[in-house]
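Undergrad: any chance you could fold what I've pasted below:
(2 chains)
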There are 2 protein chains.
Amino acid sequence: MTTDEGLKVSARERLLDAAAGLFYRDGVGIGVDALCRAAGVSKRTMYQLFDSKDEVLAASLERRSPAYLALTLPGEDDPGPPRARVLHVFERLEALTAAPEYRGCPFVATAVELKDPGHPASVVARRSKDALTAFFQREAARGGAVEPETLARQLTIVFDGAGSRAVVQGRPLDGLAVATANALLDAAGVA
Amino acid sequence: MTTDEGLKVSARERLLDAAAGLFYRDGVGIGVDALCRAAGVSKRTMYQLFDSKDEVLAASLERRSPAYLALTLPGEDDPGPPRARVLHVFERLEALTAAPEYRGCPFVATAVELKDPGHPASVVARRSKDALTAFFQREAARGGAVEPETLARQLTIVFDGAGSRAVVQGRPLDGLAVATANALLDAAGVA
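TA: Numbers count the residues shown, from 1 in each chain, chains lettered A, B, ... in the order given. Sure, this is the predicted structure:
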């Protein structure tokens, strides 16, 4: 790698990290000027690296996606039983909604704001939510759920609805997400 | 009412109706120019009627709120049993998500986009969601739910999570909202 390429990689990462933070905090309507200012890169550099703001948005969400998922998912080597691993996600969600900077699920927010399922960032959002659903389905199957695929989708809508509720109400959840997940796990026969 | 006052009322209504439609379709970031163009009113008229775009947004959501709620709630004189009246809401939601112009719950979308629980339109959104929760709670109590208030909040997050899922996936629900509501009604002992 030449020095010039190294600088470009670094500008790219700086831009994507700043973008992920800003888009989450202020929404997808953030302008290119504000974006470049926050990242400390010139517009010229941005347009050398990306064709459009839409591409920056998609790439920043993609880059941040594993970290966002890790905020709620248990570790791969967490040895807990399936039910506890599912509930871990909802306990983490409840804790996240208590942070003053919580603005809802970043993937849901992106899709809701873009209103265009074909937008590259909506595609990233969908894939990331599908990863959460896939986690729920694996655990549901391990836990002996009657219909693991259905339970997984139910848990996903509880996760998203609970996150939205914290945003709408402007205050943290108080056990609602965990209680609802528990009720659905019971109904599906997960011990 | 003088003719001049009559014209102003009409401009106000035209503006709020155009605003409600545009904000729902394109998001709260819509500019004042686009708004006035769609409503066929001048910016001067808009600023004679409202102090700011934020006020237009709040007033347009407030004006549209009863119609939005009526899209899913059963009629006041609908004689069905509580469980059927609750399920009606989820059946209507499933149907709404099949419309190409569906962009999620307008109240959730507004709150998620504004990211400011103190914004006047976020206050309207919160009140409107609370009206849905109050409906669920009344029916849950009538239906003998163990904890009507908890069940009502659970049903609200299922409603919102299911609406978000349709947006994220870019396709209609296929029975998931109704199935999840059924599971929670069962768990709460609503016959």
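
Undergrad: where in chain A is pLDDT low?
TA: A:1-9 (pLDDT under 70).

Undergrad: what segments of it are helices?
TA: For chain A, the helices defined by DSSP state H occupy A:3-26, A:32-39, A:43-49, A:53-70, A:82-96, A:106-114, A:120-142, A:148-169, A:176-187.

Undergrad: would you mind writing the CA trace of the shortest one as CSV?
TA: Coordinates of each C-alpha in helix A:43-49 appear next as CSV, following Å, rounded to 0.1, in the frame of the first residue of the first chain:
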residue,chain,number,x,y,z
LYS,A,43,-16.2,17.1,-0.5
ARG,A,44,-13.7,16.3,-3.3
THR,A,45,-12.3,13.4,-1.3
MET,A,46,-15.8,12.2,-0.5
TYR,A,47,-16.8,12.1,-4.2
GLN,A,48,-13.5,10.4,-5.0
LEU,A,49,-14.4,7.6,-2.6
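
Undergrad: re the thing from before, redo the helices of chain A as JSON lines? Include mean neighbour count and distance to chain B.
TA: (Each C-beta comes from the backbone N, C-alpha and C, glycine too.) Listed next are those as JSON lines, based on neighbours: other C-beta atoms under 10 Å in any protein chain shown; distance: least, C-beta to the nearest C-beta, whole Å:
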{"stretch": "helix A:3-26", "mean neighbour count": "16", "distance to chain B": "7"}
{"stretch": "helix A:32-39", "mean neighbour count": "16", "distance to chain B": "13"}
{"stretch": "helix A:43-49", "mean neighbour count": "15", "distance to chain B": "20"}
{"stretch": "helix A:53-70", "mean neighbour count": "18", "distance to chain B": "13"}
{"stretch": "helix A:82-96", "mean neighbour count": "19", "distance to chain B": "11"}
{"stretch": "helix A:106-114", "mean neighbour count": "26", "distance to chain B": "4"}
{"stretch": "helix A:120-142", "mean neighbour count": "20", "distance to chain B": "5"}
{"stretch": "helix A:148-169", "mean neighbour count": "25", "distance to chain B": "3"}
{"stretch": "helix A:176-187", "mean neighbour count": "21", "distance to chain B": "4"}
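
Undergrad: so which of these gets nearest B:Leu93?
TA: helix A:148-169 (11.0 Å; C-beta to C-beta).

Undergrad: returning to what we had before: as a markdown table, the helices of chain A with distance to B:Val28 would be great.
TA: Below are these laid out as a markdown table (distance: least, C-beta to C-beta, whole Å):
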| stretch | distance to B:Val28 |
| --- | --- |
| helix A:3-26 | 12 |
| helix A:32-39 | 17 |
| helix A:43-49 | 25 |
| helix A:53-70 | 17 |
| helix A:82-96 | 24 |
| helix A:106-114 | 9 |
| helix A:120-142 | 18 |
| helix A:148-169 | 14 |
| helix A:176-187 | 26 |
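
Undergrad: B:Glu101 is nearest to which of those?
TA: helix A:106-114 (14.6 Å).

Undergrad: relative to helix B:148-169, how tilted is the closest one?
TA: Interaxial angle, helix A:106-114 versus helix B:148-169 (axes from the mean of the first three to the mean of the last three C-alpha atoms, to 10 degrees): 70 degrees.

Undergrad: ok, which of the helices of chain A comes nearest B:Ala141?
TA: Counting by C-beta to C-beta, and looking across all of the helices of chain A, nearest comes helix A:176-187 at 17.9 Å.

Undergrad: gap between the residue lying closest to A:Gly189 once chain neighbours are set aside and A:Asp186?
TA: Closest residue to A:Gly189 apart from its sequence neighbours, by C-beta to C-beta, 6 or more residues apart in numbering or on different chains: A:Val146 at 5.2 Å. Applying C-beta to C-beta, to the nearest Å, the value for A:Val146 to A:Asp186 is 11 Å.

Undergrad: how about A:Val123?
TA: Taking C-beta to C-beta, one finds A:Val123 at 35 Å from A:Asp186.

Undergrad: check A:Leu15 too.
TA: Distance, A:Leu15 to A:Asp186, by C-beta to C-beta: 46 Å.

Undergrad: what sits against the closest residue in space to A:Ala34 that isn't next to it in sequence?
TA: Nearest residue to A:Ala34 in three dimensions, chain neighbours excluded: A:Leu22, at 6.8 Å (C-beta to C-beta, 6+ apart). Residues near A:Leu22 by C-beta atoms under 8 Å, 6 or more residues apart in numbering or on different chains: A:30, A:34-35, A:38.

Undergrad: what do you get for A:Phe136?
TA: Applying C-beta under 8 Å, 6+ apart, the residues contacting A:Phe136 are A:86, A:89, A:151-152, A:155-156.

Undergrad: A:Leu96 too?
TA: So A:Leu96 contacts A:71-72, A:102 (C-beta under 8 Å, 6+ apart).

Undergrad: need these in TSV with distance to chain B and neighbour count, can you?
TA: Shown next, in TSV, are those (distance: C-beta to the nearest C-beta, whole Å; neighbours: other C-beta atoms under 10 Å in any protein chain shown):
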residue	distance to chain B	neighbour count
A:Leu71	18	12
A:Thr72	15	19
A:Tyr102	10	18
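
Undergrad: ok, the residues you listed vs B:Thr97, which is closest?
TA: Distance to B:Thr97 across these (C-beta to C-beta) is lowest for A:Thr72, with 25.2 Å.

Undergrad: my read: that closest one touches A:Val89, true?
TA: Yes. Taking contacts as C-beta atoms under 8 Å, A:Thr72 lies within contact range of A:Val89: 4.7 Å.

Undergrad: overlap in contacts of these two?
TA: A:132, A:159.

Undergrad: the residue nearest to A:Gly189 and A:Asp130, how far apart?
TA: 22 Å.

Undergrad: again, but for A:Leu15
TA: Noted for A:Leu15: a distance of 26 Å to A:Asp130, by C-beta to C-beta.

Undergrad: one more: A:Thr97?
TA: Counting by C-beta to C-beta, the gap from A:Thr97 to A:Asp130 is 22 Å.
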